[in-house]
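In: just to be clear, the model below is a prediction. Sequence and coordinates:
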Amino acid sequence: DGRKINALEIIKSGNFLSGIAEVSLQVQNGTYENRLILMRGETSSSINFGVKEEMIELQISDIDLSKDKIIPEHVITNTDFTALPDGYEGQRYPVIKDNCNCGVPCIRTSDFEYGTTFIVGAGHNIGIREVLLNGISTPANDMQRGWSVIQEISQSGIPYTGLEFVFPTETVESIFGDYQSAGVPWSSSDTVYARTYSLNGNNRSILQLIMELLIEDTNLGMDIIDFDLFAKSQSKTPFLKAEFLINASGSDNSTKAVEYIQSTVCQSFPMISLAYSASGIGAVITDRRLHRVAPHFIVGNSEIIDRSTGITEKSKSELYNSFTLRYSYDAANDSFRKTIFRNSTNSLLCEVSENRIGKKDYEIIDSVIIQDDSTAEYVIEWMTDHYSLPSYYMEYECISSILFKLKIGDNISITDDELGFVKEIATIEKLEYSKGKVTLGLRFWLLYKSLSKSS
């Protein structure tokens, strides 16, 4: 209603109308923070308005983050570093989230033969645990390649942590006795990697890191985050850890926050996906094993009215019974230090699957972000528990109020007399509102349940 929002006056005051929009329910005279958000997104297409007496027309759609800013954001230039070697102009300050045990490839900022300097990463919250020169650990007090940590701010105002190496000396024997000479100069082919830690002690879970990426490294910030969905997902998992190092800089390997999460993070953690909900974007955890407190629904006698589709079995081509995960990546030596696997030799589910469909190998996962054993164990077990046997998908028609009780990724139990289901566990894959009804898409894990009973 143009009498409630005077669009023309907003524009005359120097602002524009496009931005984040939401539809919500609020108790009259109630607290704004306690409103119930039905839909949140960005204004799309054109906004049509007139004078006060005319209606304002707009559309709300999911936020398109594919066109967001490139990360890392800050660029290294020879204006900030006058001795910057050739080929380093336009590279970006690496972004390190908490710890980085794989090793940060440091960026050389001076072409001097002695007393060379390097950038480790953006910000001042970076501690140096170990420095590797050409793949070999080098102590800070080394006479030839000793180093110290520097925390500086570039000419353009970018705080960064770096390494400054000593001027090398060596003792040379002569007929007159020992004396000091300049030592070994730096070569353009020398490489420096740094294993780092967070100075403030941060060691956050992977979901906390994903949320920080979406808040800090997109242009939309906190307005797009579904905090409830993140909290629910966090409650489903153990403390899963990962190490985020983002240092791609060229046009052929640049990335953005959502792109990094979907391509790098979700490849290592297949149970995690990003999804839009009514309140914005959140991380969804799928895990059929978490059903102890799953809410129960009786088809035809609750919010679930009736089944609206047939039953679809997951394709045999999507089933696997041999899984390999390589992790604990060492960037300095470009190698993985640890491997974990599940197959018919150490997993009952894999054995049953192989007996029925033959041996099928899942593509080897080379994870550059998983470093610890417990996280690797969780990932490989999850893959075995979700990919080895068929699952079954179907959809139900529901009344609208169910939208306020459930979220994508939730596990629920279903009693359906028509199918002979009694408290069958299913995972929500679809929750879609349309014209006064909700379509609920469920994936059932029937064979996993019968196998666990027989074993």
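Out: Arrived safely, thanks for sending.
In: and the longest helix anywhere in the chain, what does it pack against?
Out: In the chain, taking DSSP state H as the definition, the longest helix is helix 373-387. Applying 3 or more CB pairs under 8 Å, 6 or more residues apart in numbering; DSSP states H and E, one finds that helix 373-387 contacts strand 323-330, strand 335-342, helix 348-357. No exception for glycine: its C-beta is placed from N, CA and C like everyone else's.
In: partner strands of the second one and their direction?
Out: Spelled out, that is strand 335-342. Here strand 335-342 has these sheet partners by DSSP bridges: strand 323-330 (antiparallel).
In: give me the buried positions along the strand it pairs with.
Out: F323, T324, L325, R326, Y327, S328, Y329, D330 (16 or more other CB atoms under 10 Å).
In: show the average pLDDT along that strand.
Out: Mean per-residue pLDDT for strand 323-330: 97.
In: who touches it?
Out: 101-103, 335-343, 350, 361-362, 364-371, 376, 379-380, 383-384, 387 (CB atoms under 8 Å, 6 or more residues apart in numbering).
In: rewinding a little: nearest to S24 among the helices and strands packed on helix 373-387 would be which one?
Out: strand 323-330 (42.6 Å; CB to CB).
In: now distance to F444 too, for the helices and strands packed on helix 373-387, in TSV please.
Out: Output for these, formatted as TSV (distance: least, CB to CB, whole Å):
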stretch	distance to F444
strand 323-330	22
strand 335-342	23
helix 348-357	17
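In: which of the residues in the longest helix of the chain are buried?
Out: Buried, per 16+ other CB under 10 Å, within helix 373-387: T375, A376, Y378, V379, I380, E381, W382, M383, T384, D385, H386, Y387.
In: coming back round to it: which pair in the buried residues of strand 323-330 spans the largest distance?
Out: Of all pairs in the buried residues of strand 323-330, the most separated under CB to CB is F323 and D330 at 22.2 Å.
In: end-to-end on stretch 339-347?
Out: Start-to-end span of stretch 339-347 (CA to CA, to the nearest Å) is 16 Å.
In: in it, what's buried?
Out: Buried residues in stretch 339-347, defined by neighbour count with 16+ other CB under 10 Å: I340, R342, N343, S344, S347.
In: so what's D372 closest to, chain neighbours aside?
Out: K241 (5.6 Å; CB to CB, 6 or more residues apart in numbering).
In: check what pLDDT that neighbour gets.
Out: pLDDT, K241: 93.
In: from I272, how far out is it?
Out: K241 sits at a distance of 13 Å from I272 (criterion: CB to CB, to the nearest Å).
In: Q28 too?
Out: Counting by CB to CB - Q28 and I272 are separated by 40 Å.
In: re earlier: between strand 335-342 and the longest helix of the chain, find me the angle.
Out: Put simply, helix 373-387 runs at 40 degrees to strand 335-342, going by axes from the mean of the first three to the mean of the last three CA atoms, to 10 degrees.
In: angle of helix 373-387 against helix 348-357?
Out: 30 degrees.
In: may I have helix 373-387 as CSV, with CA atoms only?
Out: In CSV, the C-alpha atoms belonging to helix 373-387 read as follows (Å, rounded to 0.1, in the frame of the first residue of the first chain):
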residue,chain,number,x,y,z
ASP,A,373,40.9,-38.6,12.4
SER,A,374,37.5,-38.3,14.1
THR,A,375,36.1,-36.2,11.4
ALA,A,376,37.4,-38.5,8.7
GLU,A,377,35.9,-41.5,10.5
TYR,A,378,32.5,-39.7,10.7
VAL,A,379,32.5,-39.0,6.9
ILE,A,380,33.5,-42.5,5.8
GLU,A,381,30.9,-44.1,8.1
TRP,A,382,28.2,-41.7,6.9
MET,A,383,28.9,-42.6,3.3
THR,A,384,28.6,-46.3,4.1
ASP,A,385,25.3,-45.7,5.9
HIS,A,386,23.7,-43.8,3.1
TYR,A,387,25.1,-45.0,-0.2
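In: who does the next helix or strand after it touch, helix- and strand-wise?
Out: Sequence-wise, the next helix or strand downstream of helix 373-387 (DSSP states H and E) is strand 392-399. When contacts are defined as 3+ CB pairs under 8 Å, 6+ apart, strand 392-399 sits against strand 304-307, strand 312-313, strand 437-444.
In: need those strands in a markdown table (columns: distance to V293, mean pLDDT and mean neighbour count).
Out: Shown next, in a markdown table, are these (distance: least, CB to CB, whole Å; pLDDT from 0 to 100; neighbours: other CB atoms under 10 Å):
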| stretch | distance to V293 | mean pLDDT | mean neighbour count |
| --- | --- | --- | --- |
| strand 304-307 | 19 | 96 | 17 |
| strand 312-313 | 28 | 96 | 12 |
| strand 437-444 | 17 | 95 | 20 |
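In: quick revisit: check the gap between the residue nearest to D372 and I71 for me.
Out: 21 Å.
In: of the two, who's got more company?
Out: Under the criterion of other CB atoms under 10 Å, the comparison of K241 against I71 puts I71 first, with 21 against 18.
In: for that one, which non-adjacent residue is spatially closest?
Out: Using CB to CB, 6+ apart and skipping the chain neighbours, the partner closest in space to I71 is D217 (4.8 Å).
In: and V438, what does it touch?
Out: Contacts for V438 (CB under 8 Å, 6+ apart) come out as E397, C398, I399, S400, I402, L403, L431, E432.
In: just checking, the fourth one touches E432?
Out: When you say that, I think you mean S400. No. The pair S400 / E432 is not scored as a contact, 11.3 Å apart, by CB atoms under 8 Å.
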